[in-house]
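Engineer: Model the following, please.
(2 chains)
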2 protein chains.
Amino acid sequence: MPVGTAATVKAMSPDAVAATGAEIILGNTYHLMLRPTAERIAQLGGLHKFMNWPWPILTDSGGYQVMSLAKLRRIDADGVTFQSHIDGSRHRLTPARAMEIQGMLGSDITMVLDECTAFPATEEAAAASMRLSMRWALSSKEAFKASAGYALFGIVQGGIYPELRAESVRTLVDIGFDGYAIGGLAVGEGQDLMLSTLDFTVPLMPTEQPRYLMGVGKPSDLVEAVSRGVDMFDCVLPTRSGRNGQAFTRRGTVNIRNARHADDPRPLDRRCACPTCGHYSRAYLHHLTKSREILGAMLLTWHNLQYYQDLTAMMRTAILGGTFSQFRRAFMEQETEEPLLS
Amino acid sequence: MPVGTAATVKAMSPDAVAATGAEIILGNTYHLMLRPTAERIAQLGGLHKFMNWPWPILTDSGGYQVMSLAKLRRIDADGVTFQSHIDGSRHRLTPARAMEIQGMLGSDITMVLDECTAFPATEEAAAASMRLSMRWALSSKEAFKASAGYALFGIVQGGIYPELRAESVRTLVDIGFDGYAIGGLAVGEGQDLMLSTLDFTVPLMPTEQPRYLMGVGKPSDLVEAVSRGVDMFDCVLPTRSGRNGQAFTRRGTVNIRNARHADDPRPLDRRCACPTCGHYSRAYLHHLTKSREILGAMLLTWHNLQYYQDLTAMMRTAILGGTFSQFRRAFMEQETEEPLLS
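Structural biologist: Residues are numbered from 1 along each chain as shown, chains lettered A, B, ... in the order given. The predicted structure is shown next:
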């Protein structure tokens, strides 16, 4: 899922997002509740209409950004009180309020309110944080107004501790959700710890509902997580990198600001079908990025989103064809080559 | 002509520029000679290919930006020496070098090197400056490599002084150019002085070749200049304003950052056929602009360029239909209404 933080996938028109093959995007409750506010979006007909994205939208619950962005946050048993990073105004988020906001936005997939456990955390702290999230998950489920075609996902917490993750999965499955997310990863623990956590967490999760790894990640993270059974992802990496001159290609990651691209007439990735690779040279992308031109952000973001959509499409094909382990091996070999030598 | 300063019309893809109806854009020699350099663009196949704009391009000669942007500029009889505003590197621009650079870029319409006379200037200073520009115009013509389908335009100078403008036109017509531009306006003299200068200058200019008012302007400037016989314009106003939250509409200029737009579900201009007006509310554009989202710059720039293209298309239609004076009167009445009351 491309990330559409503030009711826009940054530097992309909705048509362009859809043209990459994306069928669902993510919106951030924290950002939208502060500006322009959920009430205003509801008044204007909901988030889909507001941002001209008629396809599905998943919204997070706001908990993660409250912890990473808000000022003077204070957590209690019932929710979290915080000050806006924009204007210092005071707000409160509870499970019921998170459901109300996502309902006003018109989210197709609503996420329960949770506390994203920090890393590192002792087992005791991770347990207390996970159990708070589980109580909020139950309150979220009770407050969620179920209706056909709209889903509510639970979020597994528990840090890097197998028994806590197992307890969290059991608790959520007892409550019953339409899908299950894995939270509290990609928060600084590194790929090895993330994958080992998936190794013992994913097998415990229901297979008949989507399994969603939140906030992940690099292309190799996606391939490794899919190999462990994950179905869904969101990440700002393709869009944020696109604005910073970093491009993902079939031969690895490229920093287009590097001087060696200044005279290079070749496309970024000759096997990519996006408009950026179809019409523009690395030299031009280098020039735009060095000149801080908006078109540079537009073209690199488009390419990066296309790369991520192509990567997930290839993984789906490989899974259906029974060739995923070959795909994974070939991907890892390719990734570790010197990028763009040919 | 939309302005494509650094080989991009800011915040627009070439497809989007073409979709507004634009058939020609302007490129800035000063910016391109410094970065990525004309030599590099030539090596990569020329400016059209570099920026993926297969339609005509007019390039200015660089003289105007040398005066407004460069550091430590020193003018002499043969040209101007200056330091780059980007990295302080030393460069020299002469009539021959300006022709060489524009040739390397592959410009469809090349402009002679001129000195843009400052405002205010005494008649004596304006005369000396104009005569220098006329010597450079001759040198430019001598250095220009003529070929079928490629044009060279002269630039009339002379400040606000009728006799100097007349002398400049006579000199340029004697040399002989494919089109004639009016330079040295829109440099702080105000609309009244600009129009009175056009009043006595345009009638002296050949009618069989394009008459181009450089760097102008506001919508009302265009209507008034067309009524005085001007055929061509370039201006950064639609693109720059689009990045600053200012929109041009059929009911006047609108600052979309104003709080009164925050809840407004209506399109920016209900009579506009651009995608911005087709798919987005003023409330959404307000939100994007307040949130400093790139999509806000993209959507407002598109709308503004569409507005300018529609305005010139309407003027062409009115001229062909013999109804231009009615059009002009109606335009001025509409412009002075309270914007967006209905």
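
Engineer: Chain B contacts on the stretch 201-342 of chain A?
Structural biologist: Residues of the stretch 201-342 of chain A found near chain B, taking Cβ under 8 Å from any Cβ of the partner chain as the criterion, are A:243, A:262-263, A:265, A:275, A:279-281, A:283-284, A:286-288, A:290-291, A:293-295, A:297-299. All C-beta spots, glycine's among them, are computed from the backbone N, C-alpha and C.

Engineer: Drop anything exposed from those.
Structural biologist: Buried members of these, scored by 16 or more other Cβ atoms under 10 Å in any protein chain shown, are A:243, A:262, A:275, A:279-281, A:283-284, A:286-288, A:290-291, A:293-295, A:297-299.

Engineer: now, which of those residues lie within helices?
Structural biologist: A:243, A:275, A:279, A:283-284, A:286-288, A:290, A:294-295, A:297-299 (DSSP state H).

Engineer: Just name the closest of those residues to residue A:141, please.
Structural biologist: Nearest to residue A:141, judged by Cβ to Cβ, of those is residue A:243 at 37.1 Å.

Engineer: Export the ones in helices among the buried ones among the residues of the stretch 201-342 of chain A next to chain B as TSV, with columns for pLDDT.
Structural biologist: Output for those, formatted as TSV (pLDDT from 0 to 100):
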residue	pLDDT
A:243	98
A:275	98
A:279	98
A:283	98
A:284	98
A:286	98
A:287	98
A:288	98
A:290	97
A:294	98
A:295	98
A:297	98
A:298	98
A:299	98
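
Engineer: where in chain A is pLDDT low?
Structural biologist: For chain A, the stretches flagged by pLDDT under 70 are A:336-342.

Engineer: how is it carved up into domains?
Structural biologist: Using automatic domain parsing, the domains assigned to chain A come out as A:14-235, A:240-335.

Engineer: right, so of those, which gets closest to residue B:71?
Structural biologist: Comparing the domains of chain A against residue B:71 with Cβ to Cβ, the closest turns out to be domain A:240-335 (18.2 Å).

Engineer: just to revisit the earlier point, out of the ones in helices among the buried ones among the residues of the stretch 201-342 of chain A next to chain B, the closest to residue B:187 would be?
Structural biologist: Nearest member of these to residue B:187, counting by Cβ to Cβ, is residue A:294, at 27.2 Å.

Engineer: If you drop the residues flanking it in sequence, what lies closest to that closest one?
Structural biologist: Nearest residue to residue A:294, sequence neighbours excluded (Cβ to Cβ, 6 or more residues apart in numbering or on different chains): residue B:11, at 4.3 Å.

Engineer: The one you found should be in a helix, yeah?
Structural biologist: No - read with DSSP: H, G, I helix; E, B strand; the rest coil, residue B:11 is coil and lies in no helix.

Engineer: mind listing what residue A:297 touches?
Structural biologist: Residue A:297 sits next to A:10, A:11, A:242, A:243, B:294 when contact means Cβ atoms under 8 Å, 6 or more residues apart in numbering or on different chains.

Engineer: returning to what we had before: so what's the residue count around the residue nearest to residue A:294?
Structural biologist: Neighbours of residue B:11 under the rule other Cβ atoms under 10 Å in any protein chain shown: 25.

Engineer: now swap in the one 4 residues further on and tell me
Structural biologist: A count of nearby residues for residue B:15, using other Cβ under 10 Å, gives 11.

Engineer: contact partners of the helix or strand hosting it?
Structural biologist: Using DSSP states H and E, residue B:15 sits in helix B:14-19. Contacting residues not belonging to helix B:14-19 are listed as A:279, B:2, B:4, B:9, B:25, B:51, B:52, B:53, B:55, B:302, B:305 [Cβ under 8 Å, 6+ apart].

Engineer: Just put the contacts of residue A:297 in a markdown table and tack on distance to residue A:113.
Structural biologist: Output for the contacts of residue A:297, formatted as a markdown table (distance: Cβ to Cβ, whole Å):
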| residue | distance to residue A:113 |
| --- | --- |
| A:10 | 25 |
| A:11 | 30 |
| A:242 | 30 |
| A:243 | 29 |
| B:294 | 30 |
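
Engineer: Which two among those residues are spaced furthest apart?
Structural biologist: A:242 and B:294 (10.4 Å).

Engineer: Tell me which residues touch residue A:103, please.
Structural biologist: A:110, A:145.

Engineer: Compute the distance between residue A:292 and residue A:12, please.
Structural biologist: Note on residue A:292: its distance to residue A:12, by Cβ to Cβ, to the nearest Å, is 18 Å.

Engineer: what sits opposite residue A:26 in the beta ladder?
Structural biologist: Beta bridges link residue A:26 to residue A:3, residue A:58, judged by DSSP bridges.

Engineer: and it, how many neighbours?
Structural biologist: Neighbour count for residue A:26, taken as other Cβ under 10 Å: 24.

Engineer: which residues do residue A:242 and residue B:294 both contact?
Structural biologist: With contacts defined as Cβ under 8 Å, 6+ apart, the residues shared by residue A:242 and residue B:294 are A:11, A:297.

Engineer: With adjacent residues omitted, what lies nearest to residue A:263?
Structural biologist: The shortest distance from residue A:263 to any non-neighbouring residue, by Cβ to Cβ, 6+ apart, is to residue A:283 (5.7 Å).

Engineer: just the helices in the stretch 101-250 of chain A please.
Structural biologist: A:123-143, A:162-175, A:191-201, A:219-227, A:237-243 (DSSP state H, counting those that start in this stretch).

Engineer: List the contacts of residue A:176.
Structural biologist: The neighbourhood of residue A:176, defined by Cβ under 8 Å, 6+ apart, consists of residue A:141.

Engineer: residues in contact with the residue of chain A positioned farthest from its centre?
Structural biologist: Largest separation from the mean C-alpha position in chain A: residue A:263, at 34.9 Å (Cα atoms, centre = their mean). For residue A:263, the contact set (Cβ under 8 Å, 6+ apart) comprises A:283, B:40, B:43, B:44.
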